[in-house]
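J.: this is the structure alone, sequence omitted:
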């Protein structure tokens, strides 16, 4: 009787595993079908790969890491740039957490890239970038756009046009990942959610260390002083 019950439990567990595998297969099948159709549609437009490759480079991790690190390093304390140094530092931290998350999750999930993906990615790391889920470009670009929008609104700097431009750029990069055949739609959607979460966490941790209006007035005074000196030299 114990053996019979054990066999029954075992067969029940096996049925549950098979059902879950079937559901995952069905979901993956829909994702794959949709992604391939979107990819084929773009190929039929004749627009080519050049604009997509440009978007791919714009969302690469290395340029953004260098930009945020150099911005943080070169802002001088003598100009009282503590606020912008804090922004650059938090941007850098968010980019690092993004890369760490991608480096851990991709090898764990091990979802292969679409079979129609052609051409090597710029600056790719094969051990990580050979896998598809989630889209690292989507997580990174969405993080940059959302974090920049939240911080600029909180500090009262920038403009709505700049925030809108960043959001449009992030959306364009996300869509381009499917057009280029690098990712499935599901990879990109997951990347968008992760990027939003990362941006929210980093924005909550952001605490400016100086008033931006004070910083702005000091920088304007510096520009006015330099302008007057240049005018005096010309005279």
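T.: Here it is on my side, so go on. Model, not experiment: these values are computed from the prediction.
J.: ramachandran angles for residue 181?
T.: phi 80, psi 10 (degrees, to the nearest 10).
J.: what's the neighbour count on the nearest residue to it once chain neighbours are set aside?
T.: Spatial nearest neighbour of residue 181, excluding adjacent residues (CB to CB, 6 or more residues apart in numbering): residue 117 at 4.4 Å. Bear in mind the C-beta positions are built from the backbone N, C-alpha and C, glycine included. Number of residues near residue 117 (other CB atoms under 10 Å) recorded here: 15.
J.: before we move on, what about residue 114?
T.: Counted with other CB under 10 Å, residue 114 comes out at 18.
J.: check the closest residue to it other than its chain neighbours and give its pLDDT.
T.: Nearest residue to residue 114, sequence neighbours excluded (CB to CB, 6+ apart): residue 181, at 5.3 Å. Note on residue 181: pLDDT of 92.
J.: from what I see, residue 61 and residue 99 are in contact.
T.: Yes - between residue 61 and residue 99 there is a contact at 5.7 Å, judged by CB atoms under 8 Å.
J.: name the residues contacting each of these two.
T.: Common neighbours of residue 61 and residue 99 (criterion: CB atoms under 8 Å, 6 or more residues apart in numbering): residue 136.
J.: how far away is residue 48 from residue 179?
T.: The gap separating residue 48 from residue 179 is 11 Å, by CB to CB, to the nearest Å.
J.: meant to ask about residue 93, not that
T.: 31 Å.
J.: quick one: which of those two has more around it?
T.: A side-by-side neighbour count of residue 93 and residue 179, using other CB under 10 Å, places residue 179 first with 20 against 16.
J.: count of neighbours near the closest residue to the more buried one other than its chain neighbours?
T.: Leaving out its chain neighbours, the residue that sits closest to residue 179 by CB to CB, 6+ apart is residue 42, at 4.1 Å. Burial measure for residue 42: 19 neighbouring residues, criterion other CB under 10 Å.
J.: was I right to think residue 42 contacts residue 175?
T.: No - at 9.1 Å, residue 42 does not count as touching residue 175 under the criterion of CB under 8 Å.
J.: who are the contact partners of the spatially closest residue to residue 111 that is not a sequence neighbour?
T.: For residue 111, ignoring the flanking residues on the chain, the nearest one in space by CB to CB, 6+ apart is residue 133 at 4.0 Å. Counting by CB under 8 Å, 6+ apart, residue 133 makes contact with 105-106, 109, 111, 184, 186-187, 190.
J.: which phi and psi does residue 133 have?
T.: The phi/psi pair for residue 133 (degrees, to the nearest 10) is phi -110, psi 130.
J.: where does this structure dip in pLDDT?
T.: Where the chain drops to pLDDT under 70, the residues are 1-28, 76-81, 119-128, 158, 208-235.
J.: strands along that one, start to end?
T.: Counting by DSSP state E, the chain has no strands to list.
J.: show me where the chain has helices.
T.: 2-45, 50-58, 61-74, 82-109, 126-129, 136-155, 160-179, 185-205, 212-234 (DSSP state H).
J.: run through who's touching the second one.
T.: Helix 50-58 is contacted from outside by 63, 121-122, 137, 169, 172-173, 176-177, 179-180, 182, using CB under 8 Å, 6+ apart.
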